[in-house]
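[1] The sequence isn't on hand, but the structure is:
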């Protein structure tokens, strides 16, 4: 009885394997295969597609210094990520924004996380934006725009790159200038008639600008 059972099971397994697999050379139906990447000219290396849709850039590939991988970035590719702003204002784009414009923008874009009075909402992990002056040397430092930033350009840079949390990078230069003016105004650093642009923002004197020391380490080794 056991031998007959084993024989039946073996026949069943054989039937499954022979019907589930296609014959050699037979095409499978409904299967798609992604096309292979283009090859770098005069080599057999595969080159990933450029993220720039218009294909800008005609730089040579296979440079000895990069071991033949990829190609130099195009100006458009670099510009897409080269958005940092330096403490002295280098990198600030053209544009302008006022405290009044920032007030309505804050209500629309920022209030839900940072609160009506810029006090932050702890349950959301959103910090306070103003207050906390002269607390950094205490046992309970409060790090805010008003107490912690040495340069106003840092505020612009952070808003531009990282805010709003649900859509970072979506704000225009004018909107970021306006929000910066509003936050600095609510912190008592600027007046409610303030307007900011690439020339005026680096001139803003932050309350704790003298609370930092220079980093003696070289920029490169």
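    Looks like it arrived, so ask away. No experiment lies behind these values; they were computed from the predicted model shown.
[2] just the helices in the protein please.
    In the chain, the segments counted as helices under DSSP state H are 2-20, 75-81, 99-109, 111-114, 145-148, 152-162, 173-186.
[3] Residue 213: which of these is closest?
    helix 145-148 (14.5 Å; Cβ to Cβ). Yep, even glycine has a C-beta here, placed from its N, CA and C like the rest.
[4] Can you list the buried residues in that closest one?
    145-148 (16 or more other Cβ atoms under 10 Å).
[5] now swap in stretch 77-92 and tell me
    Applying 16+ other Cβ under 10 Å to stretch 77-92 flags 85, 89, 92 as buried.
[6] Check what pLDDT residue 160 gets.
    As predicted, residue 160 sits at a pLDDT of 95.
[7] I'd guessed it sits against residue 85; true?
    Yes: the pair residue 160 / residue 85 is scored as a contact, 7.2 Å apart, by Cβ atoms under 8 Å.
[8] who's in contact with residue 192?
    Taking Cβ atoms under 8 Å, 6 or more residues apart in numbering, we find residue 192 in contact with 99-100, 185.
[9] Please repeat the previous calculation with a cut-off of 10 Å.
    98-100, 103, 181-182, 185-186 (Cβ atoms under 10 Å, 6 or more residues apart in numbering).
[10] Can you tell me how far residue 117 is from residue 149?
    Distance of residue 117 to residue 149, given as Cβ to Cβ, to the nearest Å: 19 Å.
[11] Could you check which of the two is surrounded by more residues?
    residue 149 (23 against 12; other Cβ atoms under 10 Å).
[12] Not counting its neighbours along the chain, what's nearest the more buried one?
    residue 206 (5.5 Å; Cβ to Cβ, 6 or more residues apart in numbering).
[13] Residue 87 versus the one you found, what's the distance?
    From residue 206 to residue 87 the distance is 10 Å (Cβ to Cβ).
[14] hey, what's in contact with both of those two?
    Counting by Cβ under 10 Å, 6+ apart, the shared contacts of residue 206 and residue 87 are 149-154.
[15] Counting neighbours, which bits of stretch 104-115 end up buried?
    So for stretch 104-115, counting by 16+ other Cβ under 10 Å, buried means 105-106, 109-110, 113-115.
[16] Can you list the low-confidence ranges for this protein?
    Applying pLDDT under 70 to the chain flags residues 1-68, 220-221.
[17] again, only this time at 90
    Within the chain, the stretches with pLDDT under 90 are 1-73, 78-83, 137, 211-221.
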